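Visitor: Show me the folded form of this:
(chains A and B)
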Amino acid sequence: MTALVVLPVLLPLLAAALSLVFGRFAWLQRGLGIGVLLAILVDAVVLLRRVDTAGPVVLQLGGHAAPFGITLIADRLAALLLLVSTIVTLSVLLYAIGQRITDLGPDVSSTAFHPMYLVLCAGVSLAYVAGDLFNLFVAFEVMLSASYVLISRRTTASRVRAGMTYVIVSLTSSLLFITMIALMYAATGTVNLADLAMKVDELPGGMQTGLALLMMMVFGIKAAMVPLHFWLPDSYPTAPAPVTAVFAGLLTKVGVYAMIRSQTLVFAHTASWTILLVLALLTMLVGALGAIAQDDINRLLSFLLVSHIGYMLFGLALFTVLGVTGVILYVLHHITAQAALFLASGLITRQTGTVSLREMGGVARASPLIAALFAIPALSLAGIPPLSGFVAKVSLLRAGVQVATPMAYAVTAVAVLTSLLTLYALTRVWVTAFWGDPRPPHADPDPHDEVVVGTRRRSVSMVAATGVLVLTGLFIAGAAGPLSGASERAATDLLDRDNYRSAVLGHSAVREAG
Amino acid sequence: MYTVNVTMAVLLAGLYTIGFYLLMQRSLMRVVLGIMVLGHAANLFLQTAGGPPGDPAMVAAGVREGMADPLPQAMALTAVVITFALTTFLLAMAYRSWVLLGHDEVQDDIYDRRIRELPRRDSGPDSFVAPRESAPQESLR
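Guide: The predicted model follows:
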């Protein structure tokens, strides 16, 4: 059974190697990618059922006992995220394959895309199940190096600048990550998360705060927390639609996951954390106001992504069961909604031939299906009942009111305001792009590269993949009862650290220390 | 836990300072050099966390005196490989950027520049000119 934890990491890595070897056989590559992701999907479902009934699944690699070996662990949060992430990666892969077949014909293979995409999936899975800080670092590097290749593939003059920004910012944050690990190790002599949970408690208060802040900064860059967000709206929109969708859906969320894991497990926060609350407030406002100023649909969505990271920080900063439950629900909702929006925006720009909102028009009349695929996740993101965003936002707002400090009230108010601003920004997209008379598509400005725009041709799998993500969002809303039950159990696990510790280190070690 | 070695502390502080200073330069080559120096600083720091310099990581069985902690060295080795690989990638990208753009300046953000110019152009309800010459088309690529 413990193999369930390692399969989501090993399978895509092995498949990536095979995919590289069989780079010239287009269908084999595609089958391999889809097959592996389906296998991980099944694995995630089984893992989630098992973890929910029987507690965390732990694997000590090589049989070395916990604080010294490499620990992989899946608890409720990791299994839930693994499941939703795999649904997203699978849908996006189907979209990418459909797009490529429509544009270039069924037999043109892609040497770099499939292997790198699978490596990215392996990195994301490893980040969820990593049981120590250094492994988390390795997971981030696996994920990021794949993303560097995906974002800078087929670089043109205009894309190279965005790619450089992305790579340099990510590298800097990775180097800060190593620095943080060094400081942690020098202070405690361990990098195992469960072991750190006990040893950090014994450090002097100032050092704990310093380490917590450094850790928050490292993950804050990855999660695009204001004021560390500036790189995101510059780099994400330049990549092709499927790549942007998976980056927006997953990469920032892995940063948020690392933040949740480290701040709940390693550091003991008993009350709400004011610095993080202030940052959450700023993130929500700066993102939403930035989105309103944009004319490029992808940049607008990127700013909204930044803004909604603020909601997750808000729930985490409260450090109550209700708050963390809200964060988990929000992450699940946001992964699907944001990826669906970027895929829908890919369909829109493909049809209109431009990303500028001013030059679009009449998409709703020309293709009502695309309009529906955009409208549902957009309304969900704005938090309109009964969609998934509403469910997640309600639990966050309830958590904010429950804490009942002036700061928590202030951030709750800003959260409501940000919902309205999000609705405003998305309404603007709707009015300018979807209403009005249909306009003829703009010609493809660069017909010789692999991104084709300004065409009506699209394949069933592109629309179906977007549809699957939209349906997943609706399912999250429909299954809100059981899901918030599962999220609440996951949140309780997170805040009661003994469960995780004793799963990794064994009951006796935890009892001795306690 | 051991007492801090002053030489190492000063060296690390110097490396971090130089690294961050170079990172903030306008020339892409200096930024890449900055990443390299920062990488050295971070990896050396990881090593230093394991014990004072000079202690061996492997000694004969049973001897534990004067042995360095091997774990940070193993981690530093992994980190060195990762930073090395990514530095190579970064160099390749910097070269690509130089080939495509013909210079190695880090450019201003096009959008920032246009938004900054907006109020100057905005002198009435109909004077608004959409901030686009080629940028939205560019960003499709």
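
Visitor: Double-check residue B:36 against residue B:87; I have them as touching.
Guide: Yes. Here residue B:36 reaches residue B:87: they are 5.7 Å apart, a contact under Cβ atoms under 8 Å. For the C-beta atoms, the positions are set from N, CA and C on the backbone; glycine is no exception.

Visitor: in chain B, what spans have low per-residue confidence?
Guide: B:1-3, B:64, B:107-112, B:115, B:118-141 (pLDDT under 70).

Visitor: In it, which helix is the longest?
Guide: Using DSSP state H, we find that the single longest helix of chain B is helix B:70-101.

Visitor: Who are the packing partners of it?
Guide: helix A:133-152, helix A:157-188, helix B:28-48 (3 or more Cβ pairs under 8 Å, 6 or more residues apart in numbering or on different chains; DSSP states H and E).

Visitor: Adding mean neighbour count as columns, could you present the ones you listed in JSON lines?
Guide: Formatted as JSON lines, the helices and strands packed on helix B:70-101 follow (neighbours: other Cβ atoms under 10 Å in any protein chain shown):
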{"stretch": "helix A:133-152", "mean neighbour count": "22"}
{"stretch": "helix A:157-188", "mean neighbour count": "22"}
{"stretch": "helix B:28-48", "mean neighbour count": "22"}
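
Visitor: re earlier: next, the angle from the longest helix of chain B to helix A:157-188.
Guide: 170 degrees (axes from the mean of the first three to the mean of the last three Cα atoms, to 10 degrees).

Visitor: Of all the residues in helix B:70-101, which ones are buried?
Guide: B:71-73, B:75-76, B:78-80, B:82-83, B:86-87, B:89-90, B:93-94, B:96-97 (16 or more other Cβ atoms under 10 Å in any protein chain shown).

Visitor: thinking again about what came up before, and residue A:399, which of the helices and strands packed on helix B:70-101 is closest to it?
Guide: With distances scored as Cβ to Cβ, the stretch of the helices and strands packed on helix B:70-101 nearest to residue A:399 is helix A:133-152 (26.4 Å).

Visitor: could you give the mean pLDDT of stretch A:59-70?
Guide: Average pLDDT, stretch A:59-70: 83.

Visitor: first vs last residue of it, how far apart are they?
Guide: Stretch A:59-70 has an end-to-end distance of 8 Å (criterion: Cα to Cα, to the nearest Å).

Visitor: Flag every buried residue along it.
Guide: A:59-60, A:66-67, A:70.

Visitor: These: which two are farthest apart?
Guide: Among the buried residues of stretch A:59-70, A:59 and A:67 lie farthest apart (Cβ to Cβ), at 15.2 Å.

Visitor: how close does the closest residue to chain B within the stretch 401-514 of chain A sit to residue A:243?
Guide: Minimum separation of the stretch 401-514 of chain A from chain B (Cβ to the nearest Cβ) falls at residue A:445, amounting to 4.5 Å. Note on residue A:445: its distance to residue A:243, by Cβ to Cβ, to the nearest Å, is 19 Å.

Visitor: how many other residues sit next to residue B:13?
Guide: With neighbours defined by other Cβ atoms under 10 Å in any protein chain shown, the count for residue B:13 comes to 11.

Visitor: Look up which helix or strand it falls in, please.
Guide: According to DSSP states H and E, residue B:13 maps onto helix B:6-23.

Visitor: Contact partners for the residue positioned nearest the centre of chain B?
Guide: Against the mean C-alpha coordinate of chain B, by Cα atoms, centre = their mean, the closest residue is residue B:35 at 3.2 Å. Contact analysis of residue B:35 by Cβ atoms under 8 Å, 6 or more residues apart in numbering or on different chains lists A:168, A:171-172, A:175, B:19, B:23, B:87, B:90.

Visitor: how does it look with 7 Å?
Guide: The contact partners of residue B:35, taken as Cβ atoms under 7 Å, 6 or more residues apart in numbering or on different chains, are A:168, A:171, B:23, B:87, B:90.

Visitor: same question, residue A:6
Guide: A:59, A:72.

Visitor: How many neighbouring residues does the closest residue to residue A:311 other than its chain neighbours have?
Guide: Nearest non-adjacent residue to residue A:311, counting by Cβ to Cβ, 6 or more residues apart in numbering or on different chains: residue A:330, 5.4 Å away. Using other Cβ under 10 Å, residue A:330 has 27 neighbouring residues.
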